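Q: predicted model and sequence follow; I will ask about them next.
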Number of protein chains: 2
Amino acid sequence: MGCCVKKIDIVRRILGERWGSVPQSLDGKAFAPTNIALCKYWGKRNQELNLPVTSSLSISLGKKGASVALKPIADTQDAVVLNGNAMNQESAFYKRLVHFLDLFRHANTTRLAVDIQSNIPVAAGLASSACGFASLVLALNELFAWRLTTADLSILARLGSGSASRSIWQGFVEWQAGERRDGMDSHGVLLDEIWPDLCIGLLIVSDNEKSISSREAMQRTVATSALYSAWPQKVADDLITLKQAIAHHDFELLGQAAESNAMTMHATMLSAWPAVSYAIPETVLAMQNVWRLRQQGLPLYFTQDAGPNIKLLFEKKNTDFVKSHFPHVEIIELLFTEPRASASVTGLDVS
Amino acid sequence: MGCCVKKIDIVRRILGERWGSVPQSLDGKAFAPTNIALCKYWGKRNQELNLPVTSSLSISLGKKGASVALKPIADTQDAVVLNGNAMNQESAFYKRLVHFLDLFRHANTTRLAVDIQSNIPVAAGLASSACGFASLVLALNELFAWRLTTADLSILARLGSGSASRSIWQGFVEWQAGERRDGMDSHGVLLDEIWPDLCIGLLIVSDNEKSISSREAMQRTVATSALYSAWPQKVADDLITLKQAIAHHDFELLGQAAESNAMTMHATMLSAWPAVSYAIPETVLAMQNVWRLRQQGLPLYFTQDAGPNIKLLFEKKNTDFVKSHFPHVEIIELLFTEPRASASVTGLDVS
């Protein structure tokens, strides 16, 4: 196994005899939160399997995410509905989703009606594909009654979109890069920590589709940025810092590591050729506001993903202050499952 | 010699017996152009002597720069006038300049009236200190009739401001980093090339003083950026490319290397902590305009120094097109001294 391992090989290995079986229920429903990385996933060591160069660490965004309802249908094609709109079979969205479903079935069997409800803008750097593929895998797990472990669910979600491997849980999740060439050790792991005073605020400065996909931006950065060689060590350092910050609820340590990690990821993109820049003028102004407020003593930090939007990091006690300075901020209610106290930590059902 | 070498040690070594002498003329006048680096100077290996980590390469901006007129005066203090305004003796500008003059004289001797005329905004990322210190050194050379070589003039200018070492000439100048700890091999060298079809356009989006000096930004980047370790190799590669581009008048090669080098320098700053960002919204819009026009087929590139302004790079034949898309652009008339054909390549007199 190694360079030539295909997605479907991994799926068949994980599902074993369950692969290609018929649905065990009338439907499968699941919700998965989107997540934002405090330590970013940027660069793949294997394009086919979405294996990352480095580990990464995220926080899931509570009720912000995607719900998927799957129903077997008697048809020759899958039917995909996104937020109430039937998706054209020629659209990239439809094709990517159906390609993914094909990993789990014999050709021309088990067509599905896929109803996706997402409460975040698609392709605006809010990890819409992360919660999309995670909820899809969770719903498939229900429909086919696979009863997979969360690690295996995470691996399957990763095959759809790398960061989806972290959207299987609420709370803090580390996606461990792993070392195996087949990626069987590359999946999310829930951190045994809760932090109810931590707050995330979304500053949506644009919900336009981004000019370049994170997939393409990542590839271009790895291939052309002279600075990318220094990125893995930066991640290794930031991961240690972030875990320490989470363990001690040291907010300033968390904020600094997360913001510095995000800025450094964007720095690697700016040094790519052609440069990848997700900043629009509003992004720059929002960052400058954060820096100004921090200079004035407010413990406020941000992170930014592959898009122009900014995610503010602050403590609950400063919520009103943050709202007064960012009237359009959307405060996210984070959800922490008490670790180890619950048998199921795979998210919220939509039912 | 080595770690403890002071500026004044270098000055005394270069001037020898001429150090501390009295003026040989009634006045000394000189002009020096500002320069923009196509391959940036970013990071010092010696703060005292302004010795760089890497070599760099610039183009001088013709008549854009500073003129200095020096006159000995019978007073206990120097008198400094910038663009007609007498500078307060408590100002940072006055103090820095007088500290520099003190390198060349015994205490309490030879007070000077220093009249500086600069036609570029001060501290807006247009290398005002480069042309300032270069013109000052050239004027001192006149006033005291030192008759120094251009290499020695470049070293003296470097002691005032690193990039001033490149402002001793018009045309393309490489500041060779050198290896000596005393920096006697760290000075500008004129490239034996002219390129009359090359054009530079200044896009001044802000002439406010910058929020952080390039000196401080550079130090912070070297001290805190996880990506800085990859910068020296980037410079080494870009220098080779730029010299090749200049030798063959390969404009696209030049533009790509210069823009990529600038983006990468700013990337190292963004990954510093706290991040250093010189971009204002207008900077982002200008860059995006350049990228859009280039996608449409126009060979247009830019570079950016430690400030929000953008310098466009294009060929003379495209001047009208560039003007139509950037109505506020100021086209710079570059001046190339025919290399080796002239005894004096030290700039233009103001007389």
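A: Cool, the structure landed.

Q: quick check: closest non-adjacent residue to the closest residue to chain B within the stretch 251-351 of chain A.
A: Closest contact between the stretch 251-351 of chain A and chain B, by C-beta to the nearest C-beta, is at A:P281 (3.2 Å). All C-beta atoms are positioned from the backbone trio N, CA, C, and that covers glycine. With C-beta to C-beta, 6 or more residues apart in numbering or on different chains as the criterion, A:P281 has its nearest non-adjacent residue at 3.2 Å, and that residue is B:P281.

Q: can I get stretch A:199-206 in PDB? Just the C-alpha atoms.
A: The C-alpha trace of stretch A:199-206 is given here as PDB (Å, rounded to 0.1, in the frame of the first residue of the first chain):
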ATOM      1  CA  CYS A 199     -16.200  32.900  22.300                       C
ATOM      2  CA  ILE A 200     -16.000  33.000  18.500                       C
ATOM      3  CA  GLY A 201     -17.500  35.900  16.500                       C
ATOM      4  CA  LEU A 202     -17.900  35.600  12.700                       C
ATOM      5  CA  LEU A 203     -17.300  38.800  10.800                       C
ATOM      6  CA  ILE A 204     -18.700  38.100   7.400                       C
ATOM      7  CA  VAL A 205     -17.300  40.800   5.100                       C
ATOM      8  CA  SER A 206     -18.200  39.000   2.000                       C
END
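
Q: in chain A, where is pLDDT below threshold?
A: Applying pLDDT under 70 to chain A flags the ranges A:1-3, A:121-127, A:209, A:338-351.

Q: remind me, longest helix of it?
A: Scanning chain A for the helix with the most residues, using DSSP state H, yields helix A:251-270.

Q: in whichever helix or strand comes after that one, what's buried?
A: Elements were assigned by DSSP states H and E; along the chain past helix A:251-270, the next helix or strand is helix A:281-295. Judged by neighbour count using 16 or more other C-beta atoms under 10 Å in any protein chain shown, the buried positions of helix A:281-295 are A:281-284, A:286-287, A:289-291, A:293-294.

Q: with stretch A:171-189 instead?
A: Buried residues in stretch A:171-189 (16+ other C-beta under 10 Å): A:171-178, A:182-184, A:186-189.

Q: that one spans what distance, first to last residue?
A: End-to-end distance of stretch A:171-189: 10 Å, with C-alpha to C-alpha, to the nearest Å as the criterion.

Q: how far off centre is that stretch?
A: Here stretch A:171-189 is found 13 Å from its chain centre; the criterion is C-alpha atoms, centre = their mean, to the nearest Å.

Q: now do stretch A:18-26
A: That offset, for stretch A:18-26, works out to 27 Å (C-alpha atoms, centre = their mean).

Q: quick revisit: what helices or strands is the longest helix of chain A leaning on?
A: Applying 3 or more C-beta pairs under 8 Å, 6 or more residues apart in numbering or on different chains; DSSP states H and E, we find helix A:251-270 packed against strand A:28-39, helix A:214-224, helix A:231-248, strand A:301-304, strand A:310-315, helix B:251-270.

Q: identify whichever of the ones you listed lies nearest to B:N309.
A: Closest to B:N309 of the helices and strands packed on helix A:251-270, according to C-beta to C-beta: helix B:251-270, at 11.6 Å.

Q: leaving out sequence neighbours, find the closest residue to A:H106.
A: Excluding its sequence neighbours, the residue lying closest to A:H106 (C-beta to C-beta, 6+ apart) is A:G20, at 4.9 Å.

Q: typo on my end, A:S206
A: The shortest distance from A:S206 to any non-neighbouring residue, by C-beta to C-beta, 6+ apart, is to A:P308 (4.9 Å).

Q: my read: the one you found touches A:D207, true?
A: No: taking contacts as C-beta atoms under 8 Å, A:P308 lies outside contact range of A:D207: 9.5 Å.

Q: who has more neighbours, the two?
A: For A:P308 versus A:D207, neighbours defined as other C-beta atoms under 10 Å in any protein chain shown are more numerous around A:P308 (25 against 15).

Q: what about the more buried one, which helix or strand?
A: With DSSP H and E as the test, A:P308 turns up in no helix or strand.

Q: need the contact list for it.
A: A:P308 makes contact with A:124-125, A:205-206, A:210, A:278-280, A:282-283 under the criterion C-beta atoms under 8 Å, 6 or more residues apart in numbering or on different chains.

Q: and it, its phi and psi?
A: Dihedral pair for A:P308: phi -80, psi -10, per degrees, to the nearest 10.

Q: what about it, distance to A:A286?
A: For A:P308, the distance to A:A286 equals 9 Å [C-beta to C-beta, to the nearest Å].

Q: next, show the common contact partners of these two.
A: Jointly contacting A:P308 and A:A286 under the rule C-beta under 8 Å, 6+ apart are A:V205.

Q: need the residues of chain A near chain B, please.
A: By C-beta under 8 Å from any C-beta of the partner chain, the residues of chain A that approach chain B are A:225-231, A:233-234, A:237, A:256, A:259-260, A:263-264, A:266-268, A:270-271, A:273-275, A:277, A:279-285, A:287-288, A:291.

Q: put the buried members of those into a ChimeraX selection.
A: Of the residues of chain A next to chain B, the buried ones go into a single ChimeraX selection, burial set by 16+ other C-beta under 10 Å:
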select /A:225,226,227,228,230,231,234,256,259,260,263,264,266,267,268,270,271,273,275,277,279,280,281,282,283,284,287,291
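
Q: so the longest strand seen in chain A versus helix A:231-248, what angle?
A: Counting residues, the longest strand found in chain A (DSSP state E) is strand A:56-73. Orientation of strand A:56-73 against helix A:231-248 (axes from the mean of the first three to the mean of the last three C-alpha atoms, to 10 degrees) gives an angle of 90 degrees.

Q: how far does strand A:56-73 sit from the chain's center?
A: Centre-to-centre, strand A:56-73 and its host chain are 9 Å apart (C-alpha atoms, centre = their mean).

Q: gap between the residue nearest to A:S206 and A:L203?
A: Distance, A:P308 to A:L203, by C-beta to C-beta: 10 Å.

Q: re the thing from before, out of the helices and strands packed on helix A:251-270, which one sits most buried?
A: strand A:28-39 (a mean of 26; mean count of other C-beta atoms under 10 Å in any protein chain shown).

Q: for the next helix or strand after it, name the packing helices and strands.
A: Per DSSP H and E, the first helix or strand lying C-terminal to strand A:28-39 is strand A:44-46. Packing partners of strand A:44-46 (3+ C-beta pairs under 8 Å, 6+ apart): strand A:51-52, helix A:214-224.

Q: what about the strands in the stretch 51-200 of chain A?
A: A:51-52, A:56-73, A:79-82, A:85-86, A:111-118, A:172-176, A:187-190, A:198-203 (DSSP state E, counting those that start in this stretch).
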